[in-house]
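Colleague: Model the following, please.
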Amino acid sequence: MSRIIGIISGKGGVGKTTITANLSAALSLKFSKKVTAVDCNLTTSHLGMHFGIFFYPKTFNDFLRGSASINDVIFPHGTGVNILPASLNLSDLVGIDMIEIREKLQNSLKENDFVFLDAAPGFGKEALSAIRASQEALLITTPDLPAVTDILKAKNVLDQMNVQTIGIIVNKVTGKKFELSAKEITDTVGLPVIASIPFSFDFSESLSNKTPLVAYKQNSKASIEIFKLASFITGENYKEPSILERIFSKIFRV
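Modeller: From the prediction side, this is the model:
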């Protein structure tokens, strides 16, 4: 039976979709897990773009509408991740009912190890439908007070819906003194920080190269932190590359 994990944020711009794409790829590449990433942000769908998928004949919208089977809307990526992209066309929102997402996904993707739901930010109908469909959740924030405050709200919503929260992922960390520390975030929200992903322009570079960073630059600092996060979620060991391995990796890339 697959673990259905919602990737949740209280606000946009914190890197929720970036984490979804890279964590999915990390689990597939390093831990040989069968992973499907689902774009549940139907209004502003971006997940497919992180895998270089821009045009597709059928989408998650068609599956929810009942006009396509699950096999019609799954797109395999070179990282081993299966993608369920949402439509980029707003007119495809007509006739969509997200109430039964959990049952539909459980029945259709039960052979997966992990199913990640890239939820819409905030607490509107789309976001709540993705939360309701999740068995577990990862909360994504940046190390600033407004984003952390919204994460506290998200935790309360998850508690009310009886969704188990795995922990908090702090993204875009620069290490500046004005940023909230992991301890401050834990004390505020009451949940552990299980990963701190450094800010890196490598994410933008990998996006332009149409592949997640963990596949594009496996030995970058940000990729290593995501692999460590994947290790935490699976409970399996991950051997961090040595400094020499990272140096040689850069040389070979050049």
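
Colleague: Could you point out the longest strand of the chain?
Modeller: When the chain is scanned for its longest strand (criterion: DSSP state E), the result is strand 164-173.

Colleague: Going by neighbour count, which residues of the following helix or strand past it are buried?
Modeller: Along the chain past strand 164-173, the next helix or strand (assigned with DSSP states H and E) turns out to be helix 182-189. When neighbours are counted by 16 or more other C-beta atoms under 10 Å, the buried residues of helix 182-189 are found to be 182, 185, 186, 189. (Each C-beta comes from the backbone N, C-alpha and C, glycine too.)

Colleague: Outside of the helix or strand just after helix 182-189 itself, list whatever touches it.
Modeller: From helix 182-189 onward toward the C-terminus, using DSSP H and E, the following helix or strand is strand 193-198. The set of residues that contact strand 193-198 without belonging to it, under C-beta atoms under 8 Å, 6 or more residues apart in numbering, is 15, 19, 166-175, 182, 185-186, 221-222, 225-226, 228-229, 232.

Colleague: Moving along the chain from strand 193-198, name the first helix or strand you hit.
Modeller: Toward the C-terminus, strand 193-198 is succeeded by helix 202-208 as the next helix or strand (DSSP H and E).

Colleague: what distance separates that next one from the centre of its chain?
Modeller: Centre-to-centre, helix 202-208 and its host chain are 16 Å apart (C-alpha atoms, centre = their mean, to the nearest Å).

Colleague: quick check: mean pLDDT across the longest strand of the chain?
Modeller: Along strand 164-173, the predicted confidence averages to a pLDDT of 98.

Colleague: can you pull the buried residues of it?
Modeller: So strand 164-173, judged by 16+ other C-beta under 10 Å, has buried residues 165, 166, 167, 168, 169, 170, 171, 172, 173.

Colleague: Could you list the paired strands of that strand along with their orientation?
Modeller: For strand 164-173, the pairing partners within the sheet under DSSP bridges are strand 136-141 (parallel), strand 193-198 (parallel).

Colleague: Kindly reformat those strands as CSV containing distance to residue 152.
Modeller: CSV is the format used below for the strands paired with strand 164-173 (distance: least, C-beta to C-beta, whole Å):
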stretch, distance to residue 152
strand 136-141, 9
strand 193-198, 13
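
Colleague: most tightly surrounded among those?
Modeller: Neighbour counts averaged per stretch over those are highest for strand 136-141, at a mean of 25; criterion: mean count of other C-beta atoms under 10 Å.

Colleague: what does it rub up against?
Modeller: In this structure, residues lying in contact with strand 136-141 by C-beta under 8 Å, 6+ apart are 3-10, 14-16, 19, 23, 131, 147-148, 150-151, 154-155, 158, 163-171, 185, 189, 191.

Colleague: Show residues contacting the longest strand of the chain.
Modeller: Residues outside strand 164-173 that contact it (C-beta under 8 Å, 6+ apart) are 5, 14-15, 18-19, 135-143, 151, 155, 158-159, 179, 182, 185-186, 189, 191-199, 229, 233.

Colleague: if you set the cut-off to 6 Å instead, what comes out?
Modeller: Judged by C-beta atoms under 6 Å, 6 or more residues apart in numbering, the contacts made with strand 164-173 from elsewhere in the structure are 14-15, 19, 136-143, 158, 191-199.

Colleague: my read: residue 219 touches residue 240, true?
Modeller: No - shown here, residue 219 and residue 240 do not form a contact pair, counting by C-beta atoms under 6 Å, at 9.4 Å.
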